[in-house]
Every structure is written in structure tokens, then in C-alpha cells.
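Peer 1: Sequence isn't available, so here's the structure alone:
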Ligand code: SF4
Ligand code: FES
């Protein structure tokens, strides 16, 4: 075996890892795509570990760990697809987020990464909605449930090329990393605290008035469709293109559209 590699055990099988690999990367190489929301498997994207959709069990550790962050080590024994605790934890995260999403048929992107992950975990939103209160029915916010926002700031159509619908935002922080760390534009931020937190452009300016250069990196990173190409969203914030749509187009058309 190559001296730079080492082995660990994933779901009962010996797998090879490279120094610096995360457990998520090791699992992917072994053929398993662990559910993930706040992690984008692309060059330049730092894992943030905030959504907890990717939890796995590491033998000898009491708490589940975020596979997108945890570095693989020689001899580790990891349970992912075979871990009931991990399955329940992942489903719980997706359920709590799904109940606060716009109904899929009114979603900005019904084929988003978020819905793909919900499908992967067989989340039945109708059934979940009967158990968990919706945002409009809650009097106090919970950890994953964000408080109802002022409607004036939820949908922002001020930008010629991109549409914002914070109803679909799960505050995964990916757009912030896309803007700040990948494109080094530093236009998008996460403002306020707790249930009042939200994505903002510059000093909470309308996106169209901000210093956004319309590179489109945030749109491609957003897992839910909260940030979308403007041409793919109607005036109510819903998607105009039936599933499946391809949001992985290069960013150039967005910049060109903004310039026109
Ligand atoms: S706008 Fe999209 S990428 Fe940004 S925090 Fe919300 S869900 Fe995540
Ligand atoms: S994908 Fe790992 S914590 Fe969000």
C-alpha cells in the first residue's frame, strides 16, 4: 500500500484514506454520498459543520460527529449507512428544515439540492407537517426553526439577474463562503443573532443596490433556491421551471444578464 494512505473501517469494510481526508470524503470514495446541506463538495469550499445533516457514529465516541468536518484517522471505526442513530439524526435535521420550506410546488427550486437530500432520506413533508408546527404557528423559535421574518425583506427582486427568497433560506452559510472565501467579493453576510439572523447584502441593502458583481457563485452554492437566477423565479418567489432544472450553469450568463 502507498505509504501516504491508511485504512479505517466504514460500515464494517476496510476503506483507504489519505491524510487530511474527512469522513465524508472517505465515504464518498467508498460509494456513499452522506446527506449534506451546509457543505459543498467543490474546490475552495471550506466545511462549516453547521447543519448537522451529515452525522456519523465513531466507535468509542459518545456523540455523533459531523462527517464533513471530522478528519479520518488510521484505525477509526465509523458507522454511517449502518448507524440507526445517524439515520435518525439526519432525518431530524431534514424534517425540521423541510417543514419551514415553502411547499415544494411553490419552491424557488423544486429540484434543489435540499429537496434531493430530503428525497434521499425519504422525508414525507406532509406527514412531518402534522407532527411539527410550521413557522407561522410557532410562538417561540427553536434551534432549527427561524422566527417569522418581515415580509418586506423575505423576497428581494431588486437585482436584475438574481432573485432572493429568504423563505427558502436554511442559513447554511454557503453563500457567505461562496462570496467571501471563494470569489473574495465579501458582499454577503449573516447578520443579527439567533432567530433574528438572516442573510444580508452589504449593510442589509437590497441586493440590487449592493456591491454585488453578479458573479453567480452564491446562486450555484445555495442548496435551497433561496438565491436563484431571476429568470427562473416568478413574482411570488416560486420556480418557473418544472423539475429537473440545471442550476450548475457557469456564472457568466448571470453576469452578462446583470450587465444588460
Ligand atoms: S441563501 Fe442559500 S446559501 Fe445562503 S444561507 Fe440561505 S440557504 Fe444557505
Ligand atoms: S454538511 Fe456536515 S454539518 Fe452540514
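Peer 2: Right, received. Where do you want to start? These figures come from a predicted structure and were not determined experimentally. Ligands and ions are numbered 1, 2, ... in the order given.
Peer 1: State the phi and psi torsions of residue 125.
Peer 2: When quoted as degrees, to the nearest 10, the phi and psi of residue 125 stand at phi -60, psi -40.
Peer 1: surely it meets residue 100?
Peer 2: No: if you go by C-beta atoms under 8 Å, residue 125 and residue 100 don't touch, sitting 10.4 Å apart. Every C-beta, even on glycine, is put in place using the N, C-alpha and C of the backbone.
Peer 1: quick one, domains of the chain?
Peer 2: Listed domain ranges for the chain are 6-89, 152-259 (source: automatic domain parsing).
Peer 1: Need these in JSON lines (columns: mean pLDDT, mean neighbour count and distance to residue 118).
Peer 2: Below are the domains of the chain laid out as JSON lines (pLDDT from 0 to 100; neighbours: other C-beta atoms under 10 Å; distance: least, C-beta to C-beta, whole Å):
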{"stretch": "domain 6-89", "mean pLDDT": "98", "mean neighbour count": "17", "distance to residue 118": "9"}
{"stretch": "domain 152-259", "mean pLDDT": "85", "mean neighbour count": "18", "distance to residue 118": "10"}
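Peer 1: May I see the ones you listed organised as JSON lines, with distance to ligand 2 added?
Peer 2: JSON lines is the format used below for the domains of the chain (distance: least, C-beta to the nearest ligand atom, whole Å):
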{"stretch": "domain 6-89", "distance to ligand 2": "3"}
{"stretch": "domain 152-259", "distance to ligand 2": "7"}
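Peer 1: Compare neighbour counts for residue 125 and residue 100 and give me the winner.
Peer 2: More crowded of residue 125 and residue 100, by other C-beta atoms under 10 Å: residue 100, with 20 against 16.
Peer 1: Where does the more buried one sit: helix, strand or coil?
Peer 2: With DSSP: H, G, I helix; E, B strand; the rest coil as the basis, residue 100 sits in coil.
Peer 1: which residue packs closest to it, ignoring adjacent ones?
Peer 2: Nearest residue to residue 100 in three dimensions, chain neighbours excluded: residue 135, at 5.0 Å (C-beta to C-beta, 6 or more residues apart in numbering).
Peer 1: what about that neighbour, how many neighbours?
Peer 2: Counted with other C-beta under 10 Å, residue 135 comes out at 15.
Peer 1: gap between it and residue 129?
Peer 2: Residue 135 sits 11 Å away from residue 129, taking C-beta to C-beta, to the nearest Å as the criterion.
Peer 1: Which residues of this structure lie near ligand 1?
Peer 2: Applying C-beta under 6 Å from any ligand atom, one finds that the chain approaches ligand 1 through 169-175, 199, 221-224, 226-227.
Peer 1: Can I get those in a markdown table including secondary structure?
Peer 2: A markdown table is the format used below for the residues of the chain next to ligand 1 (three-state DSSP):
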| residue | secondary structure |
| --- | --- |
| 169 | coil |
| 170 | coil |
| 171 | coil |
| 172 | coil |
| 173 | coil |
| 174 | helix |
| 175 | helix |
| 199 | strand |
| 221 | helix |
| 222 | coil |
| 223 | coil |
| 224 | coil |
| 226 | coil |
| 227 | strand |
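Peer 1: Tell me the one of these nearest residue 189?
Peer 2: Using C-beta to C-beta, the shortest approach to residue 189 within these belongs to residue 199, at 7.5 Å.
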